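Engineer: here's my sequence, what's the structure:
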Amino acid sequence: MSLVMFDYDGVIADSLDVHVRSFLAAFRENGYDKLSTARDIIDLYNGNVYRSMADLGLSETEIDRILASYQVRQDRLLDQIELFPRMAEFLSGLVLQHKVYIITSNLAEAVQRVLEKNGISGIEKEMGSETAKSKIKKIHMAKERHPGLKAYYVGDTKGDIYEGREAGTITVGVAWGWHGPDRLRESRPDYLVYSVEELSEIFKSAEAK
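Structural biologist: You can find the predicted model right below:
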């Protein structure tokens, strides 16, 4: 048994279009118009997204206002979000063998609603931005609950890999997500996988050890 932690957007959920539309609108609604394209949003995830927002000159209060606007806009579009193919089956099997967490910059409630819609249960906990803005902190919280278990973090952006590594996990990059394989290689994940089947094989091996 291992501790397997996942990012959500771009790993489990094919949510880029909803995320970009909601985030850009939230920025504009709060008087910030320097971001205008999907690439602008994706680039925020080269590191911790909230640190990237602070680097744009936004205060913590301004960031929280943007997040509140984002939540309202995303909620209207949640029914449009689908999981990546074979992801529901994969997760439903994984929770039977490992301790599984979702550690995301998104909102836990939104994640829960999409998982429930797809019949996924057995996740130990969804830790969103309500828990902490640092994925490193949230990963440590999950590790403290399961001392002694080998810990993995599965992400799709450079920021995911950097934070997963700093938190002391084995990092797994998925090539189907927001940053794609070339940009992910720059962050040097321990594994880079191109399909859910390849991802599954990693944890079958972990189970056998």
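Engineer: C-alpha only now, for contacts and for neighbours.
Structural biologist: Fine.
Engineer: break this protein down into its structural domains.
Structural biologist: Domain segmentation of the chain under automatic domain parsing yields 3-14+82-208, 16-79.
Engineer: most packed of those domains?
Structural biologist: domain 3-14+82-208 (a mean of 19; mean count of other Cα atoms under 10 Å).
Engineer: before we move on, the earlier item: just put the domains of the chain in CSV and tack on mean pLDDT.
Structural biologist: Formatted as CSV, the domains of the chain follow (pLDDT from 0 to 100):
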stretch, mean pLDDT
domain 3-14+82-208, 95
domain 16-79, 94
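Engineer: could you pull out the strands in the protein for me?
Structural biologist: Using DSSP state E, the strands of the chain run over 3-6, 13-14, 82-83, 99-103, 125-127, 151-155, 170-174, 191-193.
Engineer: for residue 62, find the nearest of the ones you listed.
Structural biologist: Nearest to residue 62, of all the strands of the chain, is strand 125-127, at 22.0 Å by Cα to Cα.
Engineer: identify the neighbouring strands of the closest one in the sheet and state each direction.
Structural biologist: strand 99-103 (parallel) (DSSP bridges).
Engineer: how far off centre is the strand it pairs with?
Structural biologist: 10 Å (Cα atoms, centre = their mean, to the nearest Å).
Engineer: need the longest helix for the protein.
Structural biologist: helix 60-77 (DSSP state H).
Engineer: got the contact list for it?
Structural biologist: 18-19, 22-23, 25-27, 29-30, 50, 53-54, 107, 110 (Cα atoms under 8 Å, 6 or more residues apart in numbering).
Engineer: now those in JSON lines, with distance to residue 80?
Structural biologist: Conversion of the contacts of helix 60-77 to JSON lines gives the following (distance: Cα to Cα, whole Å):
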{"residue": "18", "distance to residue 80": "8"}
{"residue": "19", "distance to residue 80": "11"}
{"residue": "22", "distance to residue 80": "12"}
{"residue": "23", "distance to residue 80": "16"}
{"residue": "25", "distance to residue 80": "17"}
{"residue": "26", "distance to residue 80": "18"}
{"residue": "27", "distance to residue 80": "21"}
{"residue": "29", "distance to residue 80": "22"}
{"residue": "30", "distance to residue 80": "24"}
{"residue": "50", "distance to residue 80": "25"}
{"residue": "53", "distance to residue 80": "26"}
{"residue": "54", "distance to residue 80": "30"}
{"residue": "107", "distance to residue 80": "16"}
{"residue": "110", "distance to residue 80": "12"}
